[in-house]
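K.L.:
Give the three-dimensional model of this entry:
(one chain, ligands or ions: 2)
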Amino acid sequence: MRCGKCWASSEQRRSQASSSWRSLENERAWFSLRFSQQKKSRGVSNGGSVGATPHVVFVLGGPGSGKGTQCALIAEEEALGYAHLSAGDLLRAERNSGSELAGMINEFIREGKIVPAEVTVGLLRKAMEKSGKSRFLIDGFPRNPDNLAAWEASTAGGAVVVDFALFLDCPEEIMTERIMERGRSSGRIDDNEEAIRKRLVTYRESTMPIIKEFEARGKLREVNSDQTIEEVAVEVRRHISAIA
Ligand SMILES: Nc1ncnc2c1ncn2[C@@H]1O[C@H](COP(=O)(O)OP(=O)(O)O)[C@@H](O)[C@H]1O
Ligand SMILES: Nc1ccn([C@@H]2O[C@H](COP(=O)(O)OP(=O)(O)O)[C@@H](O)[C@H]2O)c(=O)n1
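P.N.:
Numbering: from 1, shown residues only. Ligands and ions are numbered 1, 2, ... in the order given. Okay, here's the model as predicted:
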């Protein structure tokens, strides 16, 4: 039975959980297959070099911290060879496609909650494949432990290298102001005061532990994003350029 806050009955959740495992198995198979095919064909674009293992930078930060803005600037520099994949954009596109997942995705976005990871990892996988590139800025992912676990299961065996997570650190009042301003033209159902409050709770409770996890692994790069777009971009570029 459906209700306003839960998108599926426990029966549906159980059946989804078992199909989740199947899809995670498929994700794992896909990454390994793609990696071995790349090694054979040595033909995938890598910003100049070819045939390398796919490299990823995760771009994290609260809602309105500037993730999309900064990723777009890096992706514009063709010589760097990065594809920008926004988890939020991919989820909104899937919702707008009217697929069977559309209603569920819409509910999670409206509530500022994180969509089950197998959906997001599946969308990322398809977008990575379609891009034809092998360097990726993955914006807004992994956003909670479920996201991180699904990613790690699907890339087990070193099929993809995560160089680091880039954390755009910004005070909550500034992020809120920016999103309220963005909401005047974005048309997003979650760019309003009530949804922003919920997204900030999710950020504090679910995403901050992931940021801390990357820090503990020595894989966090941090930029103060309470500066002009240009100032933030200089620091972001410095971190990206430092990747061998
Ligand atoms: N450094 C900045 N200073 C002021 N406004 C910014 C800055 N970075 C981004 N913005 C604006 O703030 C809003 C949110 O930025 P966006 O890149 O969409 O954030 P996110 O992807 O993290 O939600 C956008 O309207 C954007 O133009
Ligand atoms: N990994 C992700 C990323 C986004 N999302 C959903 O998409 C919404 C918007 O994410 P976004 O990255 O486009 O936007 P911001 O909240 O960063 O501004 C989130 O609040 C979540 O509901 C998700 O479920 N899982």
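
K.L.:
Now Ala242, what are its backbone angles?
P.N.:
The phi/psi pair for Ala242 (degrees, to the nearest 10) reads phi -80, psi -10.

K.L.:
touching ligand 2 at all, the one helix or strand Gly103 maps to?
P.N.:
Here Gly103, judged by DSSP states H and E, is contained in helix 102-110. Yes. Judged by C-beta under 6 Å from any ligand atom, helix 102-110 comes into contact with ligand 2 at 108-109. Any C-beta I mention is one placed from the backbone N, CA and C, and that applies to glycine too.

K.L.:
and whichever helix or strand comes after that helix, what other elements does it pack with?
P.N.:
Where DSSP H and E defines the elements, the next helix or strand beyond helix 102-110 is helix 117-131. Judged by 3 or more C-beta pairs under 8 Å, 6 or more residues apart in numbering; DSSP states H and E, helix 117-131 is in contact with helix 10-41, strand 82-86, helix 87-96, helix 145-154.

K.L.:
Any idea which of those has the lowest pLDDT on average?
P.N.:
Comparing mean pLDDT over those, the weakest stretch is helix 10-41, at a mean of 48.

K.L.:
distance of Cys170 from Ala244?
P.N.:
29 Å (C-beta to C-beta, to the nearest Å).

K.L.:
Report the strands that pair with the longest strand that the chain contains, each with its relative direction.
P.N.:
Looking across the chain with DSSP state E, the single longest strand is strand 161-169. Strand 161-169 has its sheet partners listed here by DSSP bridges as strand 55-61 (parallel), strand 220-224 (parallel).

K.L.:
do that strand and ligand 2 meet at all?
P.N.:
No. Strand 161-169 lies out of reach of ligand 2 by C-beta under 6 Å from any ligand atom, never closer than 9.8 Å.

K.L.:
Buried residues, that strand. List them.
P.N.:
Neighbour-count burial for strand 161-169 flags 162-168 (criterion: 16 or more other C-beta atoms under 10 Å).

K.L.:
Quick check: of those, which lies closest to Val223?
P.N.:
Using C-beta to C-beta, Leu168 comes nearest to Val223 of the buried residues of strand 161-169, at 5.7 Å.

K.L.:
how much space between that closest one and Val160?
P.N.:
Counting by C-beta to C-beta, the gap from Leu168 to Val160 is 22 Å.

K.L.:
What parts of the chain come near ligand 2?
P.N.:
Residues of the chain lying near ligand 2 (C-beta under 6 Å from any ligand atom): 63-64, 67, 86-88, 91, 108-109, 112-115, 120, 140-141, 143, 147, 190, 199.

K.L.:
restrict those residues to those near ligand 1?
P.N.:
Counting by C-beta under 6 Å from any ligand atom, 63-64, 67 from those sit close to ligand 1.

K.L.:
Any chance of CSV for those, columns distance to Glu194?
P.N.:
Converted to CSV, these look like this (distance: C-beta to C-beta, whole Å):
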residue, distance to Glu194
Pro63, 13
Gly64, 15
Lys67, 22
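
K.L.:
Nearest to ligand 1 among those?
P.N.:
For these, the residue nearest ligand 1 by C-beta to the nearest ligand atom is Lys67; the value is 3.5 Å.

K.L.:
Burial check on that closest one, number of neighbours?
P.N.:
The number of residues packed near Lys67 is 26, by other C-beta atoms under 10 Å.
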